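# Fold the following for me, if possible:
(2 chains)
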2 protein chains.
Amino acid sequence: MKLKSASYGRLSHNAKCSRCRAKAIISLPSHHANFCEDCFLVFFHKAVNRAMKKFPIGLDTPIMVAVSGGKDSLALWDVLADLGFTTKGIHIDLGIPNFSEASRSACEEFAKSRGLELSIYELKDLFGFSLPEIAKLKSSKVCSVCGTLKRQFLNRLALQEGFSVIATGHNLDDEASRLLGNTLRHRDAYLQKAYPFLPAGPGLVARMKPLFRLESEEIRIYCRVRGIKYFGDKCPFARGATSHILLEALQFIESQMPGTKRDFLFGFLDRQTPPQFEDALLGNCSVCGALSYQDTCSVCRLKDELKRKKEFLKDRGH
Amino acid sequence: MKLKSASYGRLSHNAKCSRCRAKAIISLPSHHANFCEDCFLVFFHKAVNRAMKKFPIGLDTPIMVAVSGGKDSLALWDVLADLGFTTKGIHIDLGIPNFSEASRSACEEFAKSRGLELSIYELKDLFGFSLPEIAKLKSSKVCSVCGTLKRQFLNRLALQEGFSVIATGHNLDDEASRLLGNTLRHRDAYLQKAYPFLPAGPGLVARMKPLFRLESEEIRIYCRVRGIKYFGDKCPFARGATSHILLEALQFIESQMPGTKRDFLFGFLDRQTPPQFEDALLGNCSVCGALSYQDTCSVCRLKDELKRKKEFLKDRGH
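Residues are numbered from 1 along each chain as shown, chains lettered A, B, ... in the order given. Modelled structure (predicted):
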């Protein structure tokens, strides 16, 4: 598939590719560059390779790619497979009406079209509650709960399937806006862990974010160039999420002061030392055996809380 | 003068003052408080007193208050005088048509109404160029140049007039958005100096920001309650200034996540050690004698640059 017109940035009629001088169809203002389709892919691969060099993962390490069906995770899976890594997709179906069906089938169709292997699990089977059931029982926003659940189950499932590393589709915008949130609130513990690679340890697979150098918009272009049919809807439970607010503020600053997002994230990472596995601090959950700082892990505590709430509501005839 | 209606936040018809239970006319959502007029003044004084406690300045130290004619600096002058400090205002006329006349006369009228002393200087006399002349000769934005000039001349004039401390009207919004800018760009040297009190040294008067705990909107209410007639226009040369962009982004986050601005600034300051006077690093400018890290200070270098540009343009017949 060939892109017909520039989808990002303004491009003059006779703009030339910054790399090969052919006709440019993509403009990346924050890089002061224009690209033709082929050179854009070279640029994209370079950004992923540069990220991968930070991670102690060779071409011989099989990677489990966590896929939601959205543009980031499918682009990630596509580019890792294209760069020669052995990959397997993993998708957790959250059980959200309409949304989850579309997410799941985007993953399935992508896997089929590329001849790649995909494992699918359902949150309801793994945890006993689907996301809408959790949202109904919790009065607060479920974004952070959903994040915690996915993190723990992905780790457990990767171990079960014999993988030592999980890749997620977090991009530069995700990482920069999360960094902004943790900076504004002075969350020092989170700031120390804000690194695109977290090492493995006993009971813990490594986690990496190979797209952390690429902006959302660049990934959208990549999907168009590569013909990736992703599911573009936002999660209905994420409306008004803090991460969206922070990203909106950051995008506004970026539009007025191009390059700020990049400087902010990369300048921070340049000053960071890669985090180490903190085995001394971690024990095992007395219920499920997962790694935990407390006697019972946060997932088992949540499950217990939800069960009690459900019983309570049942007794009241709800 | 009495406020007729709430000018900030939404207030129900029968809202009570959080302090004295009288009818509230002011709502401060970020403090979860409503106030009547008198209790708002108590709140305002408390915030200034709390700031002043951080500064080694007693009631017996005369304070030079830098006034622009805007709401912040006139509120500052008003509250310091009201709290019993001996103050004198100082105003630098930048020579901007219409804008500077209005700024200057707001200062003069305020001083007259309160029976306070005011010194007025003109940038053209001090430096040889007015701000519009500088803007014409420089191709870039003049905000930082204007800041540098005011800082150096205020220091020099305060010394000449026998003061050991200058107070400026920087508020919580100014400080938080500047902190955001320096954080996003990782300007470590500026971050170390981001403190509301900078100590005196040989050739340098102390500088303090007694309004750093108060939001722009709170200062606006204070001016209304106290009947301060300030000049409300924005400087015509500051359009699109970085500080405005950062503040807009921060206000957006604050509107969605109240308290963020406050947490960000105060959390940062709690972790800071008050800066010390760095006499070992500073020399004197070989031209004007002002403190400088280089042989010639930035103001003298700027003057030289502008003179050369002016000559160059004259030769070209401009």
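
# Could you use CA atoms for every contact and neighbour count after this?
Will do.

# three-state assignment of residue A:57?
coil (DSSP: H, G, I helix; E, B strand; the rest coil).

# Could you point out the longest strand of chain A?
Longest strand in chain A, counting residues (DSSP state E): strand A:87-93.

# Show the average pLDDT along that strand.
For strand A:87-93, mean pLDDT rounds to 98.

# Contacts made by it with the rest, please.
A:62-68, A:77, A:80-81, A:100-101, A:104, A:107, A:111, A:116-123, A:150 (Cα atoms under 8 Å, 6 or more residues apart in numbering or on different chains).

# What pairs with it, parallel or antiparallel?
strand A:63-66 (parallel), strand A:118-122 (parallel) (DSSP bridges).

# Out of those, indicate the one that is most buried.
strand A:63-66 (a mean of 26; mean count of other Cα atoms under 10 Å in any protein chain shown).

# still on that earlier bit, buried residues in the longest strand of chain A?
Neighbour-count burial for strand A:87-93 flags A:87-93 (criterion: 16 or more other Cα atoms under 10 Å in any protein chain shown).

# Dump these to TSV, plus distance to residue B:288.
As requested, these are exported to TSV (distance: Cα to Cα, whole Å):
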residue	distance to residue B:288
A:87	68
A:88	70
A:89	69
A:90	69
A:91	69
A:92	70
A:93	72
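
# So what's the gap between the longest strand of chain A and the chain middle?
12 Å (Cα atoms, centre = their mean, to the nearest Å).

# Take it, keep the C-alpha atoms, and write them as PDB.
C-alpha atoms of strand A:87-93 as PDB (Å, rounded to 0.1, in the frame of the first residue of the first chain):
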ATOM      1  CA  THR A  87       7.500 -13.100  18.500                       C
ATOM      2  CA  LYS A  88       4.300 -14.300  19.800                       C
ATOM      3  CA  GLY A  89       1.300 -12.000  20.400                       C
ATOM      4  CA  ILE A  90      -0.700 -12.100  23.600                       C
ATOM      5  CA  HIS A  91      -4.100 -10.500  24.000                       C
ATOM      6  CA  ILE A  92      -6.300 -10.200  27.100                       C
ATOM      7  CA  ASP A  93     -10.000  -9.800  26.300                       C
END
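
# Go through the helix or strand following that strand and flag the buried ones.
Using DSSP states H and E, the next helix or strand after strand A:87-93 towards the C-terminus is helix A:99-114. Within helix A:99-114, the residues scored as buried using 16+ other Cα under 10 Å are A:99-100, A:102-104, A:106-108, A:110-111.

# got a list of contacts for helix A:99-114?
Against helix A:99-114 from outside (Cα under 8 Å, 6+ apart): A:67-70, A:74, A:89, A:91, A:93-95, A:117-118, A:228-231, A:233, A:235-236.

# any idea of the mean pLDDT for that helix?
98.

# What of stretch A:127-139?
93.

# ok, stretch A:231-248 near chain B or not?
Yes - against chain B, stretch A:231-248 shows contacts by Cα under 8 Å from any Cα of the partner chain at A:245-246.

# Going by neighbour count, which residues of that stretch are buried?
Buried-residue list, stretch A:231-248, by 16+ other Cα under 10 Å: A:231, A:242-243, A:245-248.

# and if you look at stretch A:203-221?
Buried-residue list, stretch A:203-221, by 16+ other Cα under 10 Å: A:204-216, A:218-221.

# sorry, back to before: could I get the strands paired with strand A:87-93 as TSV with distance to residue A:185?
What follows is those, written out as TSV (distance: least, Cα to Cα, whole Å):
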stretch	distance to residue A:185
strand A:63-66	29
strand A:118-122	34
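
# With respect to residue B:39, which of those strands lies nearest?
strand A:63-66 (55.9 Å; Cα to Cα).

# hmm, who's touching the next helix or strand after the closest one?
Downstream of strand A:63-66, the next assigned helix or strand under DSSP H and E is helix A:71-82. Outside of helix A:71-82, the residues within contact range by Cα under 8 Å, 6+ apart are A:45, A:65-68, A:86-87, A:89, A:107, A:110, A:168-171, A:210-211, A:216, A:219-220, A:222-223, A:228, A:230-232.

# Any residues of chain A in contact with chain B? List them.
A:183-186, A:245-246, A:249-250, A:252-253, A:256, A:260-261, A:263-264, A:267-268.

# change it to 10 Å
Selection of chain A residues close to chain B by Cα under 10 Å from any Cα of the partner chain yields A:176, A:179-186, A:240-242, A:245-257, A:259-265, A:267-268, A:271.

# Next, the buried residues of stretch A:284-295.
Buried, per 16+ other Cα under 10 Å, within stretch A:284-295: A:284-285, A:290-292.
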